[in-house]
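please work out how this folds:
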Amino acid sequence: MIKREISEHILDMAKEYPVLTIVGPRQSGKTTLAKMLFPNHKYVNLEEPDIREFAKKYPRDFFKNYSGNLVIDEIQRVPELLSYIQVIADENNVKGQFIITGSHQMQIKANIAQSLAGRTAITTLLPFSIRELSNAGITLERDEYIYKGFMPRIYSENATPKYLYQNYYSTYVERDVRQLINIGNQNSFERFIKLLAGRIGQIVNLNSLAGDVGISQTTLSSWLSVLEASFIVFRLPCFFNNFGKRLIKTPKLYFTDVGLAAYLIGIESAEQVFRDPLVGGLFENLVVAEALKSRYNQGKNPEIYYFRNKNGLEIDLIFNKERNIIPIEIKSGSSFDVSLSKNITLFKKISDEIKDGYVVYGGDKHIKINDIEFVNFRDMASIVATD
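Reported below is the predicted structural model:
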């Protein structure tokens, strides 16, 4: 069993709130973690058709049957239960009585805001991080991380990445999207998500994509929102506070699991990664996702951004740490070269709030020059850590 870094935060929150909500992608380990941390809770999965039907038709009997402390999986399948959970939580006032999980963040958060405001803590569990794997004695090379990705079954069951992501796409991605919106043309949707995989780390131009896919920009915007709500992709916002108005403010797009992106663009082995023209974008996706995981595992809001102005100056990642702005450049190569930090040097001239800086790259040399550190990508979590 690989220990999840978020465990301590979840246990702390369960001591403060009667309801704890764990959201995250399908197969990221939510159920396994909930059962492990709360072994004395009863467990029910709303994905099971008979249980789901029972909960929908007879919610009062449902809670009589599953009285006491309870883990409820995939709560978005029967959101009506949240109102009953609210009443029970208020009556019993038992901390950590309900542990609920879900895979559709917009649905869940909207329903929670209506029914459980002030009664639940919301935590986000993403697939394994590099640090979690390292702590378990699993250390891979750059291209292996990209090819394999970080889904728990890759490591717990030694699943073949190609077949796991193929099944993951058809079983969860397509199904979840169909549950939220009506996709009239499945081939167009598949073309769209593969085009997104080919544009990771870029500002997504939906108008251009609409022409490539043959679907309206409005429809693609809806599809993208659902992919984000299902934790398939995430958008990295542009940082623009106090830096004038001549900025590119459109977010950049990444996949929550780089292994899925690699599968979608046709990568079938770790050896293929190095030769792929998109290796730089895949590596950037890997590093940005690591920063996101580290923040969530600490129970923090992401507070990560990128920067780009209309003069062409770009910083791949910005982290707001103790009211200081920390710039991070991401380079896939393994060779040390001081010129890799040139954008950080230019960026630091913009404001006194910009401190230090990091170049995260594929090499192993840890060198600090003029307050800019060159660090290996496996150390990404330590950069954004705040504790």
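
the longest helix along the chain packs against which elements?
In the chain, taking DSSP state H as the definition, the longest helix is helix 279-297. Under the contact criterion of 3 or more Cβ pairs under 8 Å, 6 or more residues apart in numbering; DSSP states H and E, helix 279-297 touches helix 142-148, strand 252-255, helix 258-264, strand 304-308, strand 314-321, strand 324-331, helix 380-384. (Glycine included, C-beta is placed from N, CA and C.)

remind me what the shortest one packs against, helices and strands.
Here strand 252-255 touches helix 186-197, strand 233-236, helix 279-297, going by 3+ Cβ pairs under 8 Å, 6+ apart.

from G281, how far off is the most centrally placed residue in the chain?
The chain has T256 as the residue nearest its centroid, 4.3 Å off, counting by Cα atoms, centre = their mean. Distance, T256 to G281, by Cβ to Cβ, to the nearest Å: 15 Å.

in the helix or strand W223 falls within, what's buried?
Assessed by DSSP states H and E, W223 sits inside helix 217-229. By 16 or more other Cβ atoms under 10 Å, the buried positions in helix 217-229 come out as 219-220, 222-224, 226-229.

check stretch 208-216 too.
Buried, per 16+ other Cβ under 10 Å, within stretch 208-216: 209-210, 213, 215.

rewinding a little: give me whichever of the helices and strands packed on helix 279-297 is most buried.
helix 258-264 (a mean of 26; mean count of other Cβ atoms under 10 Å).

quick check: nearest residue in space to H9, chain neighbours excluded?
G299 (3.8 Å; Cβ to Cβ, 6 or more residues apart in numbering).

next: R4.
Of all residues not flanking R4 in the chain, L33 sits nearest, at 5.5 Å (Cβ to Cβ, 6+ apart).

mind checking how far the helix or strand hosting that neighbour is from the chain centre?
In the assignment (DSSP H and E), L33 maps to helix 30-37. With Cα atoms, centre = their mean, to the nearest Å as the basis, helix 30-37 stands 18 Å off its chain's centre.

and the next element down the chain from that helix?
Following helix 30-37 in sequence, per DSSP H and E, is strand 42-45.

just the mean pLDDT for that next one, thanks.
The pLDDT scores in strand 42-45 average 98.

any chance you could list what contacts that strand?
31, 34-35, 51, 66, 68-74 (Cβ atoms under 8 Å, 6 or more residues apart in numbering).

hmm, back to that, which secondary structure elements does the helix holding W223 contact?
If you count contacts as 3+ Cβ pairs under 8 Å, 6+ apart, helix 217-229 packs onto helix 105-115, helix 174-180, helix 186-197, helix 206-213, strand 233-236.

so how far is the first residue of stretch 326-339 from its last?
18 Å (Cα to Cα, to the nearest Å).

other residues contacting it?
142, 279-280, 282-284, 287-288, 291, 307, 315-320, 340-341, 343-344, 347-348, 354-365, 367, 369, 374, 377, 383.

buried ones only from the residues you listed, please, as a PyMOL command.
The buried residues among the contacts of stretch 326-339 can be selected in PyMOL (16+ other Cβ under 10 Å) with this line:
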select buried, resi 142+279+282+283+284+287+288+291+307+315+316+317+318+319+320+340+341+343+344+347+348+354+356+357+358+359+360+361+362+363+374+377+383
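
how close does K35 sit to F347?
Relative to F347, and taking Cβ to Cβ, K35 is found at 45 Å.

rewinding a little: and the helices and strands packed on helix 279-297: which comes nearest E47?
Closest to E47 of the helices and strands packed on helix 279-297 is helix 258-264 (Cβ to Cβ; 20.6 Å).

not counting its own residues, what contacts that closest one?
Residues from elsewhere that reach helix 258-264 (Cβ under 8 Å, 6+ apart): 145-151, 154, 161-162, 165-166, 168-169, 193-194, 196-197, 200, 232, 255, 273, 282, 285-286, 289.

which among those residues end up buried?
Buried subset of the contacts of helix 258-264 (neighbour count, 16+ other Cβ under 10 Å): 145-151, 154, 161-162, 165, 168-169, 193-194, 196-197, 200, 232, 255, 273, 282, 285-286, 289.

for the closest residue in space to F62 that isn't next to it in sequence, give me its contacts.
Distances taken as Cβ to Cβ, 6+ apart put A55 closest to F62, at 4.6 Å, once the chain neighbours are dropped. Residues counted as contacts of A55 (Cβ under 8 Å, 6+ apart) are 46, 62, 78, 81.

run the last query once more with 10 Å
44, 46, 48, 61-63, 65-66, 72, 75, 77-78, 80-81, 84 (Cβ atoms under 10 Å, 6 or more residues apart in numbering).
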